[in-house]
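Undergrad: Quick one, structure for this:
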Amino acid sequence: MTSEKIYRIGQIVPSSNVTMETEIPAIFRGRESILPERFTFHSSRMRMKKVTKEELEAMDAMSLKCAVELSDARVDVMGYACLVAIMSMGNGYHCVSEKNLHAETVANGAPTPIITSAGALVSGLQTLKAKKISIITPYMRPLTDLVVGYLEHQGFTVIDSIALEIPDNLEVAAQNPMNLLEISERLNIAGADMVVASACVQMPSLAAIDPLQQKLGLPVTSAAVSTTYEMMKALGIDRKSTLGGELLSGKY
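TA: You can find the predicted model right below:
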């Protein structure tokens, strides 16, 4: 009997983030229910409590140490689990961050593919050929505007954005994902190719993705879904339909 391949999934996580270690494993577990590969999950944390530009910049500086710690565990892929921390550092910074984090793993003798949630969302939208999008974020309006500007710099048109303006990161995690169904009623989606239900890996959205697709009649994704897809792609175990609701509903 052939033993199952076991992959180690590493995550660089803000200290107050409690969502990435639930949503990403949940998606991988859904995959385990129909495909043979198995996954274990390992995290290293960066200190951050309030979602402000100053705290995000200070937190990002800790990411290199986290990459070294996770590479000690010889993880097979590593995800940087804070979209706005990357986007607040300037347009295109996900490329810089991924290069720097990878260099740390190389120097530690354990070269590891690096996925940032910011880069994953950009890549995921490109994979789905989305050009015009509408997004929901939990951030304060100035940070939401930074995210909008970052995405537009990457070539997308952001038709509308909702900023829930929640500065406390634990309060962000405490949001009921099903509230997104009501929140989406205020979102302008006219002309949009796609909706990003949570442009934040801390705001839960997993349970709402499929209901939102049915309600809005548009493809819906999130930063967490995109990050998981990019992790699978880096591991060479992705399938072309595993982004968006198809991934979440197990239609591999």
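
Undergrad: Would you mind listing the buried residues in stretch 212-229?
TA: By 16 or more other Cβ atoms under 10 Å, the buried positions in stretch 212-229 come out as 212-213, 216, 218-229. Where C-beta positions appear, they are placed from N, C-alpha and C, glycine not excepted.

Undergrad: Stretch 52-63 now?
TA: Using 16+ other Cβ under 10 Å as the test for burial, stretch 52-63 gives 52, 55-56, 59-60, 62-63.

Undergrad: Report the two of those residues separated the most.
TA: Largest separation among the buried residues of stretch 52-63 by Cβ to Cβ: 52 and 63, giving 17.2 Å.

Undergrad: one step back: just curious, which of the buried residues of stretch 52-63 is nearest to residue 29?
TA: Distance to residue 29 across these (Cβ to Cβ) is lowest for residue 63, with 26.2 Å.

Undergrad: Contacts only, for the closest one.
TA: Contact analysis of residue 63 by Cβ atoms under 8 Å, 6 or more residues apart in numbering lists 12, 46, 80, 97, 101.

Undergrad: Confidence-wise, which of these comes last?
TA: Ranked by pLDDT, the contacts of residue 63 bottom out at residue 46 (87).

Undergrad: Nearest spatial neighbour of that one, chain-adjacent residues omitted?
TA: Closest residue to residue 46 apart from its sequence neighbours, by Cβ to Cβ, 6 or more residues apart in numbering: residue 62 at 4.0 Å.

Undergrad: Show me what counts as buried in the helix or strand where residue 99 lies.
TA: Using DSSP states H and E, residue 99 sits in helix 93-107. For helix 93-107, a neighbour-count test (16+ other Cβ under 10 Å) marks 93-94, 97-98, 101-102, 104-105 as buried.

Undergrad: Which strands or helices does it pack on?
TA: Applying 3 or more Cβ pairs under 8 Å, 6 or more residues apart in numbering; DSSP states H and E, one finds that helix 93-107 contacts helix 63-72, strand 77-80, helix 83-87, strand 114-116, helix 117-127.

Undergrad: Can you tell me how far residue 167 is from residue 100?
TA: Distance, residue 167 to residue 100, by Cβ to Cβ, to the nearest Å: 27 Å.

Undergrad: Have a look at this protein and report the helix or strand with the lowest mean pLDDT.
TA: Sorting the helices and strands of the chain by mean pLDDT, DSSP states H and E puts helix 245-248 at the bottom, at a mean of 48.

Undergrad: In contact with residue 188, which residues?
TA: Neighbouring residues of residue 188 by Cβ under 8 Å, 6+ apart: 134, 159-160.

Undergrad: switch the cut-off to 10 Å
TA: Going by Cβ atoms under 10 Å, 6 or more residues apart in numbering, residue 188 touches 134, 159-162.

Undergrad: Among those, which pair sits farthest apart?
TA: 159 and 162 (11.5 Å).

Undergrad: intersection of neighbour lists for those two?
TA: Residues within reach of residue 159 and of residue 162 at once, by Cβ under 10 Å, 6+ apart, are 134-135, 187-188.

Undergrad: Of those, which is the most crowded?
TA: The most neighbours of any of the shared contacts of residue 159 and residue 162, using other Cβ atoms under 10 Å, belong to residue 135, which has 27 neighbours.
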